[in-house]
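[1] attaching a predicted model along with its sequence, questions to come.
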Amino acid sequence: MTLIEESVQLILQHQASTGAYLASPAFVHYQYAWLRDGTFTAYAMNRTGNHGSARKFYQWCDYVIRKHETKARAAISAVKAGQDNNDAGNNRFLHTRYTVDGEEVAGEWGSFQLDGYGTWLWGLAEHVQMSGEHDLIHELRPSIELTIDYVAACWQLPNFDCWEEGGDRIHPVTLGAIYAGIKSMEPYLSDRASELAQLGETIRQFIYEHGTANGRLIKSVGDHSVDASLLWLALPFGIVTVDDPLMIRTVQAIEEDLRAGYGVHRYKVDTYYGGGQWLLLSAWLGWYYVKTGRREEAEKIAAWMATQRQAGGLPEQVQEHLLSPAHFETWVERAGYPAVPLLWSHAMFLVLAAELGIQN
């Protein structure tokens, strides 16, 4: 079985009957569903023609939003009334991960995260374009509009980034996800198109003014370091083009500070499981290389990813070049060995394979 076939099969196998994708079925801390990586998993399924799987996921997103509608509306009202307290740990906000049945998950990780709420809107629009299922917009419209209202109210608040960290900061990648979600809905919500266009432009300008330094994009407002997730601001969120000088310099910084061989680290001071190389970020860099005419390098990344395949599938990260080796065993003792398989790793391999035109 090829890695493409295995990846599709594994994702389908671990999609719950509700439509949710388990982030990692064998890793106890990831036996939940996230809107963000679930959306990228759905996107990978769309890229491989498995539109039914993606549709089920977006229907699950709709179910989650509707299930927590009262909480979302209360949060919107509180923010508008100036009662947000700028506290990213405040439980009045929607959570970032859920059980497959849409229940909130309590835990030590930060729960107030906005990137998933923008990302699922972007992914839904991608699904509609690739599958032709335009009826889904009408079916999910109440939750789409509630999500827009929620991110419109909250986008300027500090909240946790895509790694569940930095809850006291504002993150360009999170804003990029919100921007992409808002812009993707413009064509479908004609009565709100002008409002969405204006909000999208406001967010874009904020990123340019506060999310850049030294000619490139930065990890967080006030933190000028580089984070590999900044690739997302070009692909797929479209804040910048792949050949924009801001992105070119950002990628150069990623290559200099975070790339080791074909593996890509999250950020330089990462200590989670010793700060290994994340396969999904390697795939993202490969995606960028395809779009910028560096196909051979992208092919080598895809081949390298295939060599990281374990008995259970692709891992979250590999330990070929740890940034903080002393922290690896600490995390193993605390939480067990790193997640295998990680559905998001398989999803991004599928996206890279699709970009390269690899069929099997």
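    Received, thanks. Bear in mind the structure is a predicted one, so any value in this text is a computation, not a measurement.
[2] please make it C-alpha for all contacts and neighbour counts, starting now.
    Noted.
[3] need the pLDDT of Ala193.
    You'll see Ala193 listed with a pLDDT of 97.
[4] check contacts around it.
    With contact set as CA atoms under 8 Å, 6 or more residues apart in numbering, Ala193 has these partners: 185-187.
[5] next: Arg73.
    Here Arg73 is in contact with 146, 150 (criterion: CA under 8 Å, 6+ apart).
[6] looks to me like it is in a strand.
    No - checked against DSSP: H, G, I helix; E, B strand; the rest coil, Arg73 lies outside a strand; its state is helix.
[7] now stretch 146-159 - C-alpha only, PDB.
    Taking only C-alpha atoms (Å, rounded to 0.1, in the frame of the first residue of the first chain), the coordinates of stretch 146-159 have been written out as PDB:
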ATOM      1  CA  LEU A 146     -22.500  33.100  14.100                       C
ATOM      2  CA  THR A 147     -18.900  32.200  13.500                       C
ATOM      3  CA  ILE A 148     -18.300  35.400  11.600                       C
ATOM      4  CA  ASP A 149     -20.000  37.400  14.300                       C
ATOM      5  CA  TYR A 150     -17.800  35.700  16.900                       C
ATOM      6  CA  VAL A 151     -14.400  36.200  15.200                       C
ATOM      7  CA  ALA A 152     -15.500  39.800  14.200                       C
ATOM      8  CA  ALA A 153     -16.000  40.600  17.900                       C
ATOM      9  CA  CYS A 154     -12.900  38.800  19.200                       C
ATOM     10  CA  TRP A 155     -10.200  39.100  16.600                       C
ATOM     11  CA  GLN A 156      -8.300  41.900  18.400                       C
ATOM     12  CA  LEU A 157      -8.200  40.000  21.700                       C
ATOM     13  CA  PRO A 158      -5.000  38.100  22.800                       C
ATOM     14  CA  ASN A 159      -5.600  34.400  22.400                       C
END
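[8] got the contact list for that stretch?
    By CA under 8 Å, 6+ apart, the surrounding residues in contact with stretch 146-159 are 65, 69, 72-73, 75-76, 79-80, 86-88, 112-114, 117-118, 166-171, 175, 178, 182, 199.
[9] please repeat the previous calculation with a cut-off of 6 Å.
    Contacting residues not belonging to stretch 146-159 are listed as 76, 88, 112-113, 167-170 [CA atoms under 6 Å, 6 or more residues apart in numbering].
[10] okay, now Thr202: neighbour count?
    Around Thr202 there are 12 other residues, counting by other CA atoms under 10 Å.
[11] ok, Leu140 next?
    Applying the criterion other CA under 10 Å, we find 18 residues in the vicinity of Leu140.
[12] just give the nearest non-adjacent residue to it, would you?
    With sequence-adjacent residues excluded and distances taken as CA to CA, 6 or more residues apart in numbering, Leu140 is closest to Asp62, at 6.1 Å.
[13] check the gap between the one you found and Asp257 for me.
    Using CA to CA, to the nearest Å, Asp62 is found at 39 Å from Asp257.
[14] check Ala354 too.
    From Ala354 across to Asp257, the span is 28 Å (CA to CA).
[15] returning to what we had before: of the contacts of stretch 146-159, which belong to helices?
    Restricting the contacts of stretch 146-159 to those inside helices, with DSSP state H as the criterion, leaves Ile76.
[16] of the contacts of stretch 146-159, buried ones?
    Neighbour counting by 16 or more other CA atoms under 10 Å classes 76, 88, 112-113, 167-170 among those as buried.
[17] tell me the least confident of those residues?
    Note: of these, the lowest pLDDT belongs to Ala88, at 53.
[18] rounded mean pLDDT for the longest helix anywhere in the chain, please.
    For the chain, the helix reaching the highest residue count under DSSP H is reported as helix 135-154. Per-residue pLDDT values across helix 135-154 average out to 98.
[19] can you check stretch 271-278 too?
    Regarding stretch 271-278, the rounded mean pLDDT is 98.
[20] need the contact partners of it.
    Surrounding stretch 271-278, the residues in contact under the criterion CA under 6 Å, 6+ apart are 263-265, 316-319, 322-325, 327-328, 331.
[21] those in helices, which ones?
    Within these, residues falling in helices by DSSP H are 327-328, 331.
[22] tell me the most packed of the residues you listed, by neighbour count.
    Using other CA under 10 Å as the neighbour test, those are led by Phe328, with 21 neighbours.
[23] what pLDDT does it get?
    Model confidence at Phe328, expressed as pLDDT, equals 97.
[24] contacts only, for it.
    Phe328 is in contact with 273-274, counting by CA under 6 Å, 6+ apart.
[25] so it versus Arg334, what's the distance?
    With distances taken as CA to CA, Phe328 is found 10 Å from Arg334.
[26] go on, Ser345?
    With CA to CA as the criterion, Ser345 and Arg334 are 23 Å apart.
[27] comparing the two, which shows the higher neighbour count?
    Per other CA under 10 Å, whichever of Ser345 and Arg334 has more neighbours is Ser345, with 28 against 9.
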